[in-house]
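Q: Generate coordinates for the sequence data below:
(one chain, ligands or ions: 1)
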Amino acid sequence: MIKKLLIANRGEIALRVIRACKELGIKTVAVYSEADKYSLHTKFADEAVCVGPAQSKLSYLKVTSIIAAAEITNADAIHPGYGFLSENAQFVQICEDHNITFVGPSANAINRMGNKSVAKETMKAAGVPVVPGSEGILKSLEQGKVLAEEIGYPVMLKAVAGGGGKGMRFVYDKEDFEKAYLTASNEAEVSFSNADLYMEKLVDNARHIEIQVIGDKHGNLIHLNERECSTQRRHQKLIEESPSPIVNADLRRRMGEASVKGAKAVNYVGPGTIEYLVDTDLNFYFMEMNTRIQVEHPVTEEAMSIDLIKEQILVAGGDKLSLKEYAPKYHSIECRINAEDPDHGFRPTPGMITSLHFPGGRGVRIDSHIYQGYSIPQHYDSMIAKLICTADTRGETIQKMKRALGEMVVEGIKTTIPFHLWMMDNPDFIAGNIDTKYLERVNWKDNS
Ligand code: MV4
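A: Okay, here's the model as predicted:
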């Protein structure tokens with residue numbers, strides 16, 4: 001059992017974890033950078049330790065400082081949140097060496113899913129559908145060219161150490177292969193110090209649909225249905241929902257069963273997410289596994305009426321899973337409110353929030369760390385709030401979201417609220433006709 005938990009993160013997720021701990025009767029330790037001295041996670045935790053200056057590298061990513069903070073406060077566990085150290089297998093090992101429980105999967109599970117080619121082979125062997133492509137990494141440009149002819153254009157080149165789109169190239173024609181291969185491997189070398197690439201057939205007009213799984217330390221592992229995440233811009237998700245408007249009971253069962261098999265293959269513990277590409281014929285293909293809690297976890301919580309973070313902390317402490325599998329009971333949509341100017345390429349807009357009003361009422365949830373007078377630091381992610389609305393049907397949820405967005409006031413900075421208001425009135429979104437390239441095709445301002 002965990003008695004005192006250190007949260008190695010900031011912002012809304014740090015607050016989310018602190019809230020869960022308070023309800024579970026677990027003491028909390030916040031760590032903060034010099035830029036986050038006046039943050040709510042620093043204020044709401046039982047104790048707070050400054051771990052360095054504003055730059056993440058010198059604070060939230062500084063392993064020695066985080067471990068030292070846990071030691072001096074006698075924390076027996078560390079919750080990494082998302083981002084920062086959450087998928088760092090070395091950090092997991094260091095926690096173990098210091099007798100600190102890492103709230104998450106094993107270093108082995110993180111490593112195997114971190115290498116995208118190994119992850120794909122692992123999933124394939126477990127019976128999860130994967131996109132046809134190279135077996136393991138490409139050995140040379142020449143081998144790649146030959147294989148691309150075999151698979152048939154268009155193909156995709158992906159960095160084995162990648163994820164989230166970096167080191168990735170679409171290749172539509174053999175004339176473009178050499179350039180794509182060289183630029184992708186170069187980008188991969190620069191970004192990840194690993195130039196290795198693998199190849200896949202391109203799945204066009206695909207949706208991004210992911211399955212939430214959760215496992216305990218006793219070998220139990222279940223899935224908690226899907227999240228539709230196709231509303232993205234440059235690999236940044238803007239809107240997520242559960243259930244997906246295109247997933248029927250049969251597809252849900254098949255994707256759920258595949259995900260449970262895949263996660264069991266790496267003895268997965270804690271909440272994790274298996275991302276799939278879903279094509280227009282509703283075929284699904286494994287894309288990546290995220291070995292952490294995700295930003296969009298609340299839509300699963302609301303659609304199923306559960307608390308994923310409490311369950312995550314309990315299973316990390318050795319409890320057996322208490323959740324069960326069942327179809328979504330409600331429909332839930334999350335809009336990410338970012339400190340960005342949607343009229344000017346979604347550029348970040350750090351600065352002071354001079355006036356703030358959050359919406360309320362039944363079925364409206366806000367996960368946020370901001371307050372009136374708070375200054376958004378430039379050093380971190382631009383997400384300042386998640387607005388999550390839940391109702392019986394998708395239509396009612398969209399109506400509620402429109403109402404809630406209309407009530408929300410954030411002054412002093414530009415936010416993505418106008419974009420979300422437009423989306424909630426967009427016939428394509430209302431019809432559920434969104435794929436991952438949707439926001440590349442439409443210029444939202446020209447259509448308003
Ligand atoms: C693909 C694909 C089409 N076909 N793989 C994007 C990030 C990385 N996780 C994998 N990605 C993709 N892989 C094949 N074989 C299209 C994408 C993709 C994408 C996927 C999910 C969400 C947004 C996306 C935007 C562009 C491309």
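Q: Who are the contact partners of the nearest residue to V31 once chain neighbours are set aside?
A: Take V31 and drop its neighbours on the chain: the residue closest to it by Cβ to Cβ, 6 or more residues apart in numbering is V51, 4.5 Å away. In short, each C-beta sits where N, CA and C put it, glycine included. When contacts are counted by Cβ atoms under 8 Å, 6 or more residues apart in numbering, V51 touches V31, Y32, S33, S59, Y60, K62, S65, I66, A69.
Q: Tell me the helix or strand right after the host helix or strand of V51.
A: Take DSSP states H and E as the rule and V51 turns out to sit in strand 47-52. Downstream of strand 47-52, the first helix or strand assigned by DSSP H and E is helix 63-73.
Q: Helix 63-73 and the strand holding V51, what's the angle between them?
A: Orientation of strand 47-52 against helix 63-73 (axes from the mean of the first three to the mean of the last three Cα atoms, to 10 degrees) gives an angle of 150 degrees.
Q: partners of strand 47-52, with directions?
A: Strands that pair with strand 47-52, judged by DSSP bridges, come out as strand 27-33 (parallel).
Q: Just give the closest residue to the most centrally placed residue in the chain, not the sequence neighbours.
A: Compute the mean C-alpha point of the chain, and by Cα atoms, centre = their mean the closest residue is Q294, 3.7 Å away. Using Cβ to Cβ, 6+ apart and skipping residues adjacent in sequence, the residue nearest Q294 is T273, 5.4 Å away.
Q: in the sheet, who's paired with the one you found?
A: Going by DSSP bridges, T273 forms beta bridges with Q212, N290.
Q: how many neighbours does it have?
A: By the measure other Cβ atoms under 10 Å, the count of residues near T273 is 25.
Q: hang on, isn't it packed against V213?
A: Yes: counting by Cβ atoms under 8 Å, T273 touches V213, with 7.2 Å between them.
Q: can you give me the helices in the stretch 101-250 of the chain?
A: With DSSP state H, counting those that start in this stretch, the ranges of helices along the stretch 101-250 of the chain come out as 107-114, 116-125, 141-151, 177-192, 249-264.
Q: what's the second one in contact with?
A: In this structure, residues lying in contact with helix 116-125 by Cβ under 8 Å, 6+ apart are 112-113, 130, 133, 135-137, 158-163, 196, 198, 262, 265-266, 286, 288-289.
Q: Close to the ligand as well: tell me which of those qualify.
A: Counting by Cβ under 6 Å from any ligand atom, G163, E288 from those sit close to the ligand.
Q: What about the contacts of helix 116-125, which are in strands?
A: Within the contacts of helix 116-125, residues falling in strands by DSSP state E are K158, A159, Y198, F286, E288, M289.
Q: Now restrict these to buried residues only.
A: Buried residues within these, counting neighbours by 16 or more other Cβ atoms under 10 Å: K158, A159, Y198, F286, E288, M289.
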